[in-house]
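> Please work out how this folds:
(chains A, B, C and D)
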There are 2 protein chains.
Amino acid sequence: MAVPSAQVHSDLDGARERLLESAAGLFALHGYERTTVRDIVRSAGTNLNAINYYFGGKRGLYQAVMLRELERARSFTEGLPRAAAHDPLEVRLESLVLRILTFFVSQHSRLPRLVSLEVVNPSDALDDVSPSMNEAESRELRDIVSDALGPAAPAETLDECARSVYAQCAYFMFMGESLQRAGSPVFSSSAAVRRLASHITAFSLGGLRALSTSPNTIGVVR
Amino acid sequence: MAVPSAQVHSDLDGARERLLESAAGLFALHGYERTTVRDIVRSAGTNLNAINYYFGGKRGLYQAVMLRELERARSFTEGLPRAAAHDPLEVRLESLVLRILTFFVSQHSRLPRLVSLEVVNPSDALDDVSPSMNEAESRELRDIVSDALGPAAPAETLDECARSVYAQCAYFMFMGESLQRAGSPVFSSSAAVRRLASHITAFSLGGLRALSTSPNTIGVVR
DNA sequence: TTGCGTTTGAAACAGTTGTTTCATACACTT
DNA sequence: AAGTGTATGAAACAACTGTTTCAAACGCAA
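Predicted coordinates:
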């Protein structure tokens, strides 16, 4: 009896790895239902049986892809530059926004695309994968917003402002497919991403200042 | 030979209408691929053949549903209150934001849900349906942003600011399914929607003021 | 009623889906 | 070399997909 989850030799770039790679690309491109197992195995150069052999089925493969992309995204995001806690608010916010945007727009990671598909039309194949999606960045954003609004700001305002900032970034995650079809420059040049991050930062700083309880704590941009 | 598109009697609440209604609900709930024609006809109380008879197939039914929901959404949005052109900027913006949000969050129209599904994972069944989605509101938003930024603002800044405002609203269209599962109050009480619109307006006015070329034209909120 | 176009009904169709079966080839230890 | 657990391969499977077929029922004018 085969026990594929406990392999002896690591199977580097073997059939299992090729399946994960092909499936990630196809799932991200067409979504779960529009991707057939036959497309996957053809792309991976393996046999139909391989999916069931290594992952127990299409669902299992999908879950494995998500876990793998989550891990990859983590290491990808960790490599990006990050502002220090003692940096001025504008710098910290722009650093975070740029990091989120770069990730959402990145062609290297398929996670944002997979997540947007999953958020809009959740599959029942993900029960233990969904949590801990962007917890660290979410907390970082809340800290920045909290500093900008001042200590007297109510919790609801804090939530709303954090969401206003995040929504401006998430827009590009959700619209990724459409924008790419329309040939948006955001997905080609990193300069466009930086310019966009700069705008979102300036816009959001203005919004935060308008809702701040201590109006003079935030430096005026430009 | 049957010519269903040129019916003599209007077929009010007949099989054709029931099919459209059931299909709209199911497509909005599960998306195009996860909805089977057998589910639709069971929900509509008609026969399997009815879909092909009236709409030529599943795709034709989907297109008919989209056209119908587009028309319904138009009349729905027209009924909402609207600020006058001579009203102050804050009022015009909040009116528009509330209108967009109400529509995105509304349970009566299935269009936002269908659109978000289509934007994230476009089907090839929509070629002539997609244009003229929200042209009027898009222009209205650009006018408001243009007034806020002043005449000297570059076109790019105008685009970016309009998108920043819109993204804060669109967030709820895309996240609709997830937020509803989490029991977000936005989808139950209209007071929550108004509060949200008020926040987005205040936040955006702050952002617009920060990027304005004539800083004193926008009234300070609160 | 007769006739005719329209609508419904049940069944079957052809194609695709994910999955299973089972025989074979492989890698590696004894 | 023999044996054993692992991996691959081709074929077939059962279930489901959207669609088609064709006969029966209906509505309504002549």
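> near DNA strand C, which residues of chain A show up?
Taking CB under 7 Å from any atom of the strand as the contact definition, chain A meets DNA strand C at A:H9, A:T35, A:T36, A:V37, A:R38, A:L48, A:N49, A:I51, A:N52, A:G57, A:K58, A:R59. (Glycine included, C-beta is placed from N, CA and C.)
> top of these by neighbour count?
In terms of neighbour count, A:I51 stands highest of those at 23 neighbours, by other CB atoms under 10 Å in any protein chain shown.
> State the distance from the residue in chain A positioned nearest to DNA strand C to A:Q63.
Here the residue of chain A nearest DNA strand C is A:G57; by CB to the nearest atom of the strand that distance is 3.0 Å. Separation of A:G57 from A:Q63 (CB to CB, to the nearest Å): 10 Å.
> How about the residue of chain A closest to DNA strand C: what's its closest non-neighbour residue?
What sits nearest to A:G57 in space, not counting adjacent residues and going by CB to CB, 6 or more residues apart in numbering or on different chains, is A:I51, at 6.9 Å.
> Just give me how far the lowest-mean-pLDDT helix or strand in chain A sits from the chain centre.
When the helices and strands of chain A are scored by mean pLDDT, DSSP states H and E, helix A:176-181 comes last with a mean of 87. Distance of helix A:176-181 from its chain centroid, counting by CA atoms, centre = their mean, to the nearest Å, is 16 Å.
> and the helix or strand following it, what does it pack onto?
Counting by DSSP states H and E, the next helix or strand C-terminal to helix A:176-181 is helix A:190-211. If you count contacts as 3 or more CB pairs under 8 Å, 6 or more residues apart in numbering or on different chains; DSSP states H and E, helix A:190-211 packs onto helix A:89-105, helix A:135-149, helix A:155-174, helix B:155-174, helix B:190-211.
> could I get these as JSON lines with mean pLDDT and mean neighbour count?
Shown next, in JSON lines, are the helices and strands packed on helix A:190-211 (pLDDT from 0 to 100; neighbours: other CB atoms under 10 Å in any protein chain shown):
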{"stretch": "helix A:89-105", "mean pLDDT": "95", "mean neighbour count": "21"}
{"stretch": "helix A:135-149", "mean pLDDT": "93", "mean neighbour count": "17"}
{"stretch": "helix A:155-174", "mean pLDDT": "97", "mean neighbour count": "22"}
{"stretch": "helix B:155-174", "mean pLDDT": "97", "mean neighbour count": "22"}
{"stretch": "helix B:190-211", "mean pLDDT": "96", "mean neighbour count": "22"}
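> list the buried ones in stretch A:177-188?
Using 16 or more other CB atoms under 10 Å in any protein chain shown as the test for burial, stretch A:177-188 gives A:E177, A:L179, A:V186, A:F187.
> Can you say which two of these are spatially most distant?
Across the buried residues of stretch A:177-188, the longest distance by CB to CB is 12.8 Å; it joins A:E177 and A:V186.
> What would the host helix or strand of A:L70 look like as CSV? C-alpha coordinates only.
Assigned by DSSP H and E, A:L70 falls within helix A:58-78. As requested, the backbone C-alpha atoms of helix A:58-78 are provided in CSV (Å, rounded to 0.1, in the frame of the first residue of the first chain):
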residue,chain,number,x,y,z
LYS,A,58,-8.6,17.3,-7.1
ARG,A,59,-9.6,18.8,-3.9
GLY,A,60,-6.6,17.5,-2.1
LEU,A,61,-4.4,19.0,-4.8
TYR,A,62,-6.1,22.3,-4.5
GLN,A,63,-5.6,22.4,-0.8
ALA,A,64,-1.9,21.5,-1.2
VAL,A,65,-1.6,24.3,-3.8
MET,A,66,-3.1,26.8,-1.4
LEU,A,67,-0.8,25.7,1.5
ARG,A,68,2.2,25.9,-0.8
GLU,A,69,1.4,29.3,-2.1
LEU,A,70,0.7,30.6,1.4
GLU,A,71,4.2,29.5,2.4
ARG,A,72,5.7,31.0,-0.7
ALA,A,73,4.0,34.3,-0.2
ARG,A,74,5.2,34.5,3.3
SER,A,75,8.8,34.2,2.3
PHE,A,76,8.2,36.5,-0.6
THR,A,77,6.8,39.2,1.6
GLU,A,78,9.5,38.8,4.1
